[in-house]
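sequence? don't have it. structure:
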Ligand SMILES: Nc1ncnc2c1ncn2[C@@H]1O[C@H](COP(=O)(O)OP(=O)(O)OP(=O)(O)O)[C@@H](O)[C@H]1O
């Protein structure tokens, strides 16, 4: 069994000492480990797609994990049964919170147990897979406007600041989507396969795992948007409309955030689909 650890040395909470301790633990557990430090955005995706391995352990944030997942899902031999685990060295580590991987990376390394594993639901839009969510409107623009220097210095608060600026300044545009035999119009939309959002908040108490959980606001009233931001942050719940589906056709919008990173879609007409991961997430 070949294990590859892909570390992003510029991820939000990367710490060389802690990482070395994690490697000591992993070296004791696995016989053959290769460690690669990413050198640029996209590097982890290329390795995950092209290299030979049985277990892959990204050490970084949700953006790094998203690259690894897209790398695996685009492999020719993606059904060979790759195992995946994650060491949380990111800014918000939403994926680890969703799947109850300890937020302390050393504890996460200690608790890895490759005798337990399962597929996880993924979303797919415009050729990109996601393990958390895709967001449009306020969600997308807040991520787009994050100042990367502020993110380096103030971590999560850079997102809060960007959200505030976006909320105060931006006008939002309507777009439409079709699902379950109906047409919907929205200004803000989150399509989630994970209930955890922006850290440890929950999107909904009625979240359905294995479905596209669709949260949308059908008007652009700022008060309505504010109410939702506050409700998610304070009460773990979304006050707008919530529906479930397996497939959505979305028209009139091409800017989104995927798993916390801004992404420009190639077209402004796209399907969002639910998929089962071809890899297995190692359980704890
Ligand atoms: N060596 C590198 N130099 C610059 N960018 C990189 C490098 N390696 C990976 N990246 C990019 O950095 C982005 C952010 O990294 P990552 O997700 O690991 O940390 P984060 O943003 O702090 O955490 P989170 O996504 O949980 O908030 C990723 O989308 C990835 O494409």
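All right, it came through fine. All of these numbers come straight from a predicted model, not from anything done at the bench.

from here on, contacts and neighbour counts on C-alpha atoms
OK.

just the helices from the stretch 151-284 of the chain, written as ranges.
Assigned by DSSP state H, counting those that start in this stretch, the stretch 151-284 of the chain shows helices spanning 157-169, 222-235.

quick one: which of these is nearest the ligand?
helix 157-169 (9.5 Å; C-alpha to the nearest ligand atom).

quick check: angle from the closest one to helix 222-235?
160 degrees (axes from the mean of the first three to the mean of the last three C-alpha atoms, to 10 degrees).

just checking, what packs against helix 157-169?
Contact partners of helix 157-169 among helices and strands, from 3 or more C-alpha pairs under 8 Å, 6 or more residues apart in numbering; DSSP states H and E: helix 138-144, helix 148-154.

among those helices, which is nearest the ligand?
helix 148-154 (8.1 Å).

now the closest one: average pLDDT?
For helix 148-154, mean pLDDT rounds to 69.

likewise stretch 268-281?
97.

now it: buried residues?
Residues of stretch 268-281 classed as buried: 270, 272, 273, 274, 275, 277, 278, 279, 280, 281 (neighbour count, 16 or more other C-alpha atoms under 10 Å).

from the residues you listed, pick the one nearest the ligand.
residue 281 (17.4 Å).

give me the beta-bridge partners of the closest one?
residue 84, residue 118 (DSSP bridges).

surely it touches residue 120?
Yes. If you go by C-alpha atoms under 8 Å, residue 281 and residue 120 touch, sitting 6.9 Å apart.

so which residues on this structure come close to the ligand?
Applying C-alpha under 6 Å from any ligand atom, we find that the chain lies next to the ligand at 8, 10-12, 38-42, 60-64, 90-93, 260.

need the buried ones from the residues you listed selected in PyMOL.
The PyMOL command for the buried members of those (criterion: 16+ other C-alpha under 10 Å) is given here:
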select buried, resi 8+10+11+12+38+60+61+62+63+64+90+91+92+93+260
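
where do the strands sit along the stretch 151-284 of the chain?
175-179, 182-186, 188-192, 196-197, 201-202, 212-217, 241-245, 247-251, 255-258, 261-264, 269-276, 280-282 (DSSP state E, counting those that start in this stretch).
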